[in-house]
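Undergrad: Quick one, fold the following:
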Amino acid sequence: MDCPLPNTSVLILTDEAEFARVVAGCWQAQRKSPDITVLDSKLWRNYDATAHDLIVVGPISGRKHHDILRSLDRQPAVILCMSADARESEELRVRYPRVLHLQQREDWTHTLLLLAGEALRRMEALNAAKQAEREAAKSQHLATLGRYMTDMKHSVNNALTSMIGNAELLLLEPGQLSSQSLGQIRTIHSMAMRMNEIMQRFSSLASEMRAAENASQAETEAADASVASNR
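TA: Numbering: from 1, shown residues only. Below you'll find the model as predicted:
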């Protein structure tokens, strides 16, 4: 069973060297192995776990699981492996429901790989959903800006027409202006003409988009009508 994310980073947090060896060996035996880091509880206090996609917590000395799991509250994927007879297992399960709890019974390493795969796939799906939300919000902002520009198009065109007209009137009597003023008016006229071209292109693009939207809607309505008539 391959790791679902080829570039996954896994942290194994335990004070038991044999646990770390067994868990790391399970992944290293796969065709695609994640990047694995092993850490004990002594080094954990000043460690930044956010760089890892998945954290597997094994046996910890001194019943420090509460402190460790509390510090991992914001991590998206955490698996806690406890021995079947651990007294604090049920208490941890109740207090930290977001953590995936696994008892070390027979064939527990196979179950660990299954849980890890599901946790990583869930994390990947959540990240994709968040990215989609960001893209949707960005599209919404652009749509709002587009609607505002469409609403203001008439006012902007009027303002540009006035600027161009007044500039042309002044340019018809060049003798009343200094060479510097004449140059400035020509610049104003040129920039206003350029802005007018941009607004005309925007108007054309808006019309094309509306036509495409109407055509798509018509196709959808025709398809729905066809389905309804065949029932």
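Undergrad: Give me the domain ranges for this structure.
TA: 9-129, 135-224 (automatic domain parsing).
Undergrad: Can you add mean pLDDT and give those back as TSV?
TA: Below are the domains of the chain laid out as TSV (pLDDT from 0 to 100):
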stretch	mean pLDDT
domain 9-129	85
domain 135-224	80
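Undergrad: Single out the most deeply packed of those domains.
TA: domain 9-129 (a mean of 16; mean count of other Cβ atoms under 10 Å). Using the backbone N, CA and C atoms, a C-beta is placed for each residue, glycine as well.
Undergrad: how far does that one stretch from start to finish?
TA: Distance between the boundary residues of domain 9-129 (Cα to Cα, to the nearest Å) amounts to 21 Å.
Undergrad: Also stretch 93-108?
TA: Stretch 93-108 has its terminal residues 17 Å apart, counting by Cα to Cα.
Undergrad: hmm, who's touching that stretch?
TA: 66, 69, 72-73, 77-84, 89, 92, 111-112, 115, 119 (Cβ atoms under 8 Å, 6 or more residues apart in numbering).
Undergrad: Now do the strands in this protein.
TA: Under the criterion DSSP state E, strands of the chain are mapped to 9-13, 35-39, 54-57, 78-82, 100-103.
Undergrad: Now do the second one: which elements does it pack against?
TA: Contacting strand 35-39 under the criterion 3 or more Cβ pairs under 8 Å, 6 or more residues apart in numbering; DSSP states H and E are the following elements: strand 9-13, helix 17-28.
Undergrad: for the fourth one, same thing?
TA: Applying 3+ Cβ pairs under 8 Å, 6+ apart, one finds that strand 78-82 makes contact with strand 54-57, helix 65-71, helix 89-95, strand 100-103, helix 108-171.
Undergrad: For residue 60, grab phi and psi.
TA: The phi and psi values for residue 60, taken as degrees, to the nearest 10, are phi -120, psi 130.
Undergrad: so how far is residue 117 from the most centrally placed residue in the chain?
TA: Taking Cα atoms, centre = their mean as the criterion, residue 131 is the residue nearest the geometric centre of the chain, at 2.2 Å. Computed as Cβ to Cβ, to the nearest Å, the residue 131 to residue 117 distance reads 21 Å.
Undergrad: ditto for residue 38
TA: Per Cβ to Cβ, residue 38 is found 20 Å from residue 117.
Undergrad: Next: residue 185.
TA: 71 Å.
Undergrad: Residue 15 now?
TA: 26 Å.
Undergrad: same question, residue 19
TA: 19 Å.
Undergrad: what's near enough to touch the residue of the chain positioned farthest from its centre?
TA: Relative to the centre of the chain, the most outlying C-alpha is that of residue 175, 61.8 Å out, by Cα atoms, centre = their mean. If you count contacts by Cβ under 8 Å, 6+ apart, residue 175 has none.
Undergrad: and what of the one 3 residues further on?
TA: With contact set as Cβ under 8 Å, 6+ apart, residue 178 has no partners.
Undergrad: Nice, that's everything, thank you.
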